[in-house]
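Student: Sequence first, then the predicted structure, then my questions.
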Amino acid sequence: MDWASIESITRSEHGQDGVYFLDNGEEIRVLKAPENSSTELFLTLLATEFRFSTPTIEVVHADCSAYKTLCMAIDPYIEKSNLMIDTARRQEQIKSKSEQNLEIIEKNTLDLKTSPILFQMEKLKGLSLRDVVGENLEDWYGRDENLTPAGQRFFIDLGKLLVFDILTRNTDRFIFWAVPGIGEIESALGNIGNIFIRSRTSELIVIDSVADTNIDVDTYGNAVVEMLTKTLLGAPDNLVDRGQETIALTGYEVKQNGRELLFQGVRVGIQIIETLSRAKTLERVQTLTLKQLPKSQSVKINSLFKFIKNIELKIIANFN
Amino acid sequence: MQTKTLRDLKRLIELLEVTSSDTLNIATAIIRNNSEINLPELSELRQAFTLSLSAKTNRELSLSVKNIRVKLIESLLQKIDTIESPSSKLRVAPSLVLSSLDNMSIT
């Protein structure tokens, strides 16, 4: 993208860290500075290996030649956006607690002086589930009784994604509230903004993945085994139930067909973990992530790798 | 200027084919930067979209979003047509001529 000719930068209303749309009159690109860039990059690469569609990410950090030019081009727009966020936050803070909009209060401004790691990404054409209603899903996939091939694929992918998120302890997508090993983390109440549908193909795109590794890994590993066992046996409150509840947030009604496909997706997800383990995929993803990020990130990357590797081995040992 | 407007109108169509708070905000920024484009239907679409998200199972509200979007894209196509074919008024003319001929009495 030609940074010198940026015509406008728009900050998305959603997301704590800030997602910016850069428009130079010819094309629109997405720019973000994730708080935990190494995790997001690692999980995006891993999601691709899980046979999910993901957005392409180009990492731009202080050691890259393009970094200075990019920062200079966006600085005036980011300054303006930061001011607007500050003003909005102040307006919320003077309100009574019950009237405050926490999403606004918790928004971070972007400080380019701290040389943040930036992600430049393609602007996906489609909608996150946050922006759809039940009827949209019916148009794309048909009702549960009469799912189209795209609908069948969507529910299988969603089942796989449940496994992916359990493997990586992603608490910011499905309703994982009070799931053993996850507990009562606020974001686990469900964030369907992180499930995206490409408009041309209606396929699921995995975006904005996070991992919360702030737990003893053995404890979590046991909880994952318990949850997957419960799901495969069809015991109450399993992953399929959580997938169904999460999609219900759009107003779409998941019934028997959707549930069966979610279940099928869970089984496919477990099989993929076995395949990836044999192919040493996690190790490859670790290397790729290390290559793209500055050395300062290596401790975080290695620690995330170890966490996921432990869970992977636990799953293989129990479900092979 | 006309080329920029034409380009922006085409980009607006592509953007607004899907309605989200992001596409609405980007579209607003495009219009803000181009004084030649006036699109009152955009705020109507935003209102309908917000309302529809607040009641996700209400079919009437989601239908309203679809209808406004169709109207808005038609309006954008019309604007493009006006710029691309300055003679478009002439293209309408034959029917006007015919209808006026119908009204003529032959003496």
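Tutor: Here it is on my side, so go on. Numbers count the residues shown, from 1 in each chain, chains lettered A, B, ... in the order given.

Student: alpha carbons only for contacts and neighbour counts from here, please
Tutor: OK.

Student: For A:D17, give me its contacts.
Tutor: By Cα atoms under 8 Å, 6 or more residues apart in numbering or on different chains, A:D17 lies in contact with A:32-35, A:107-110.

Student: mind redoing it with 6 Å?
Tutor: Contact analysis of A:D17 by Cα atoms under 6 Å, 6 or more residues apart in numbering or on different chains lists A:34, A:108.

Student: Same question for it, what's its three-state structure.
Tutor: Three-state assignment for A:D17 (DSSP: H, G, I helix; E, B strand; the rest coil): coil.

Student: and if you look at the one 3 residues further on?
Tutor: In the three-state summary, A:Y20 is assigned as strand, counting by three-state DSSP.

Student: Check the contact between it and A:R11; I expect there is one.
Tutor: Yes. Using Cα atoms under 6 Å, A:Y20 is in contact with A:R11, at 4.4 Å.

Student: Low-confidence regions, the chain specifically.
Tutor: Reading this off chain A. Of all residues in chain A, none has pLDDT under 70.

Student: try again with chain B
Tutor: B:1-2, B:86-107.

Student: Residue nearest the middle of it, spatially speaking?
Tutor: B:S75 (2.1 Å; Cα atoms, centre = their mean).

Student: That one is in what secondary structure piece?
Tutor: Per DSSP states H and E, B:S75 falls inside helix B:59-84.

Student: That helix vs chain A: in contact?
Tutor: No. Using Cα under 6 Å from any Cα of the partner chain, helix B:59-84 stays clear of chain A, coming no nearer than 6.8 Å.

Student: For the stretch 201-320 of chain A, give the residue positioned nearest to chain B.
Tutor: At 5.1 Å from chain B, A:G251 is the closest residue in the stretch 201-320 of chain A, using Cα to the nearest Cα.

Student: That residue against B:K56, yeah?
Tutor: Yes. Under the criterion of Cα under 6 Å, A:G251 makes contact with B:K56 at 5.1 Å.

Student: on that earlier part again, does anything pack onto the helix holding B:S75? Which helices or strands?
Tutor: For helix B:59-84, the elements it packs on are helix B:41-54, judged by 3 or more Cα pairs under 6 Å, 6 or more residues apart in numbering or on different chains; DSSP states H and E.

Student: tell me which residues in the helix it packs on are buried?
Tutor: By neighbour count on 16 or more other Cα atoms under 10 Å in any protein chain shown, the buried set for helix B:41-54 is B:42, B:45-46, B:48-49, B:51-53.

Student: Could you dump these into JSON lines and include distance to A:R200?
Tutor: Converted to JSON lines, the buried residues of helix B:41-54 look like this (distance: Cα to Cα, whole Å):
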{"residue": "B:L42", "distance to A:R200": "23"}
{"residue": "B:L45", "distance to A:R200": "22"}
{"residue": "B:R46", "distance to A:R200": "23"}
{"residue": "B:A48", "distance to A:R200": "23"}
{"residue": "B:F49", "distance to A:R200": "21"}
{"residue": "B:L51", "distance to A:R200": "25"}
{"residue": "B:S52", "distance to A:R200": "22"}
{"residue": "B:L53", "distance to A:R200": "22"}
